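*Asks:* Below are the sequence and a predicted model; questions follow.
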Amino acid sequence: MSSDQLQFRLYVAGEGPNSMAAIANLKALCEKYFPSNAAVEIVDVIKEPTLALQDQVMVTPLLIINTGSTVQKCIGDLSKLQHILETLGIKIEAP
Amino acid sequence: MHMPTDPDTYPEVQLAKLGAELSEVLRKINQFAQGEVDSIADTEGHVYLLPEAQAQLRQAAAMQAAYAKERAAILNALPAHLALLDNEGNIVFVNEPWYRYGADNDLPDGRCGVGQNYLAICDAADGPCKEDALAAAAGIRSVLSGQSSEYTLDYSCHSPEVQSWFRLIVAPINPTQNVGAVVMHVDVTEQVMSQRRLTESEARYRTLLESIPHNILLKDLDLRYVSANDRFLKELGIQQEQLIGKRDSDFFPRQLAEKYQADDERILQTGQMEEFDEKYVSNGNEVWIHTCKSPVLDSEGNITGLLATFWDISATRRAEVSLNLLRFLLDYSKDAIEVIDPQTGRFLDANTTAYKSLGYSREEFLALTLNDVNPRQTPESFSALVREARNPGGSNFIYHHRRKDGSEFPIEKTVSMVTLDRDYLISTVRDITERMRAEEQLRMQAEVLEATANSIIITDKQGTVEWANPAFLNCTGYTLDEVVGKNPRDLVKSGLHDQAFYQQMWETILAGFVWQGELNNRRKDGSIYTEVQTITPIRGVSGEITHFAGIKLDISDKKRLEEELFQARKMESVGRLAGGVAHDFNNILTVISGYTEIVLNAIQDDSHIHADLIQVKKAAERAAAVTRQLLAFSRKQVLRPQVLDLNRVLLDCTKMLQRLIGEDIELVTKPADKLWPVYADISQLEQIMMNLLVNARDAMPLGGQVIVETSNITVDKELSERHADLLPGIYVCLAVSDTGNGMDAATLHHLFEPFFTTKPFGKGTGLGLATVHGIVKQSGGTILVDSEIGKGTTFKIYLPRVLVEDVLPHDSDEPSEILRGSETILLVEDEEPLRILAERFLTRSGYTVISACNGAEALQLMDKQQGPVDLVLTDVIMPGMNGRDLVRRLQEKHPHLKILYMSGYPDTAKTAQGILEKGVPLLPKPFSAGLLTNKVRQVLEAPPK
């Protein structure tokens, strides 16, 4: 799987504590492992409920991981994101 | 809200139930999501924040409010006017300064306040700030749109009273999100002003730096260039940027750079400023540089660098050198140079010569005025001096200066006026003692040249006469005008010298040698004169011959004197010869006439033999007369001089003389008054007159006049020098002048020679003038002749004046009576005939005679003689023992023996040969019997000594 097509869309609810943690964890991971080849989009469900409805987002924080071939959803503050990505089979290594 | 009727359906119950269910749902969600979820959404898109998240958010909102409050306080505390804009440009916040600025500047209330759109305000701006406002709007927009991360704009905002500058700073509130911007206006007036002051100060400093005509440079402690002025850069031919950070070694030759470095290091080490003058050679020219190097200190007093200034002082240096040189020149000038105050006459300055020549020190001299050194100065003369000095070119004066010791010397003073800061009288003083002396000498020399008896001419190199002295003109008869510009060959060349002579002369002088020789030249009147000429080449300053000087001595007189001397010597020798002949001849005549006398006495008077013998005797007497003349000419005649009045002699014989010269010739006598006496033989004087008058007569066959004149003459040295024979002294002159034919030079030349005659053969003996000459010479006189063809002849006879007491008594005339005696006489005579004759005369008169032919025989006879001998009669000049020696021998034994000498040389007694003493009796030959016997008697009867 090529990490070039990796897309992250994180749905958060305002500045809720878990949302803020998820944003921080996602950014930290991306900066660490995908500084250039990951697209990150953060969507506040309070401000943009429509997009959340389309993506059938029921809870926040929720991360949609689009590898180009598969789409996976991950709920939580993303403190175990690295483990989740490895589980998903996304190759994680420092550039 | 819809209300149910069932209690359970009561709204409160229903709501409580729903709340419980909600709590259960929340518990389950938390359980499910393990607390990691903030919100839940339903299918309709409602999002429900979970309570934990809400609490969290409330706390965050509270914190944010506190933070905003804090931020506002911070922003208010900032000096900048600050506003926050949202991304539309709306003002969402202004800080206190911003607000106050608006209020202070009476902006319409709320104009720049919260809620306004700042972009709109800027876009709407008008007036002088319009451009700045538009630029600001554009800048803000670019920041708001995320195009720029920051925007700044400096602008001015001046009120009539105050100048203000601001800086607009626009920055995004969040660089990553377009959420608005911070707009700040910072008052930078102070900053701008101080920057401006700094710039101006720097410009001033720079201008100062550039306007100083020196090279200025600044180095750091590392001796690297920090800055330099344009002059120095231009010198190096580089730009400021090329200089900074470089060292001397980058621009200068190693040796020079090292020297600079050594200087710099010393100054950095000592911290002392240094100045020095140094000589450099630049492009072969000497250049003098004055350098000033000083350390640069910061405000703490630490050395931070080095400032060097230097400039070319060659011109100053040259000026100094030339000033010193000038001073040196002035000091060593032989002329004194004085600077005088024209008001007071005070010496303001002077060169060394000025005060040394007067014997002062410089200090002494500068305390004096012109008055002190110029003894004859008056206020009027000083005013005149000052006045004259103002003439263009100055004026000259001849003055005297007085030395410190009081002595004076002549000077030539040149004065001129120089106006600098004031008037200065410049006086150049030259000691002209030497010049005056030289001028005097020149004047004297010129006078000598004018006055000298020697002819002097000066010609140029071609021989053209430039000057001739009066002696030359007198000698040649030309005037100066006639000789100047001519060549001597056209003036005086006689033609008596050949070409080779002149050629040799010219070769000599053109070669630079002195030519000397005898020249026969011609006078203007055609007469020839002889001169000794010395021609000397005169060289010009460059050593080339420019002129010739001919110094001529007219030696005509000298020549004539030489001739006269020669003539006199010739006469002398001829006279000596004639004297000798006459002596022998006298002896013979004595014998002839003696025996004739004896025979005549022995025979009858009527005998024809007697008559014949008379003829013999007469002939002998004539022969004796000729002999006497010869002796007279040869000055050996026996003189009977006496003190005479020449006038008396002249008077006595005037009749006789008149008869002698005949009637055709007039005899004029001019006896002088009070004529001095002379000591002479009267008969000889008569003979002189006769001879001269006979000659005068013969010179005037057609008649004429003879003047016989006497006069007293004092011969001075000058007259004496013209005539070799005439010594200075007092003379009586007898002059005989005729108006006859005169004589030519050749005749004059031989005039006094014996046997020289101009008369026809048989008419003259040629002894006349020779006799006159002899008589005059014998009398201690001189005879001069002055004759010219056609003008007659004058003979002048100079006889020495005599004082009466000089005169000695003289024997009386010759006796004819024979005196007898009986004494014994020793006769000594080498000439046998004469001895026999004398013996006969004496024996006939009664004497006993013992004869000897020489001195030796006489001595023998004397020894043999038994009886007494009374008298010795002896010849003086004899072969062997002479008469005097004989007498001396005889007198040794016979001291009282009487002596009588005989001599054919009548002046034997007077000769310097010293044979006989003065006063000794002498019998001159020839003698008669009477003379002999009388003399013998006289000696015998004289009292014994």
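*Replies:* Sure thing, it's come through.
*Asks:* which helices and strands does the helix or strand that contains B:Ser593 pack with?
*Replies:* Using DSSP states H and E, the secondary-structure element containing B:Ser593 is helix B:556-602. Packing partners of helix B:556-602 (3 or more C-beta pairs under 8 Å, 6 or more residues apart in numbering or on different chains; DSSP states H and E): strand B:528-539, helix B:608-633, helix B:768-778, helix B:832-844. C-beta here means a position set from N, CA and C on the backbone, and glycine is covered the same way.
*Asks:* next helix or strand past the third one?
*Replies:* So that's helix B:768-778. Assigned by DSSP H and E, the successor of helix B:768-778 is strand B:782-788.
*Asks:* For that next one, which strands pair with it and how are they oriented?
*Replies:* strand B:792-800 (antiparallel) (DSSP bridges).
*Asks:* still on that earlier bit, could the helices and strands packed on helix B:556-602 go into a markdown table alongside distance to chain A and mean neighbour count?
*Replies:* Listed next are the helices and strands packed on helix B:556-602 as a markdown table, based on distance: least, C-beta to the nearest C-beta, whole Å; neighbours: other C-beta atoms under 10 Å in any protein chain shown:
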| stretch | distance to chain A | mean neighbour count |
| --- | --- | --- |
| strand B:528-539 | 117 | 18 |
| helix B:608-633 | 176 | 16 |
| helix B:768-778 | 170 | 25 |
| helix B:832-844 | 191 | 19 |
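*Asks:* For beta bridges, what are the partners of the residue nearest the centre of chain A?
*Replies:* Nearest residue to the geometric centre of chain A (C-alpha atoms, centre = their mean): A:Leu63, 3.6 Å. Counting by DSSP bridges, A:Leu63 is bridged to A:Leu10, A:Cys74.
*Asks:* Might one say that it is in contact with A:Gln7?
*Replies:* No - A:Leu63 is beyond contact range of A:Gln7, at 10.5 Å (criterion: C-beta atoms under 8 Å).
*Asks:* Find the residues that touch each one of the two.
*Replies:* Counting by C-beta atoms under 8 Å, 6 or more residues apart in numbering or on different chains, no residue touches both A:Leu63 and A:Gln7.
*Asks:* For chain A, which residues are neighbours of chain B?
*Replies:* Selection of chain A residues close to chain B by C-beta under 8 Å from any C-beta of the partner chain yields A:12-19, A:45-46, A:49-50, A:52-53, A:57-61, A:75-77, A:79.
*Asks:* which residue sits closest to B:Ala60 in space, ignoring its chain neighbours?
*Replies:* A:Glu15 (5.7 Å; C-beta to C-beta, 6 or more residues apart in numbering or on different chains).
*Asks:* Against B:Gln59, how distant is that neighbour?
*Replies:* 10 Å (C-beta to C-beta, to the nearest Å).
*Asks:* out of the two, which sits in the more crowded spot?
*Replies:* When neighbours are counted by other C-beta atoms under 10 Å in any protein chain shown, A:Glu15 comes out ahead of the other of A:Glu15 and B:Gln59, with 17 against 11.
*Asks:* Report the secondary structure state of the more buried one.
*Replies:* coil (DSSP: H, G, I helix; E, B strand; the rest coil).
*Asks:* Confirm for me that it is in contact with B:Leu57.
*Replies:* Yes - the criterion here is C-beta under 8 Å, and A:Glu15 meets it with B:Leu57 at 5.9 Å.
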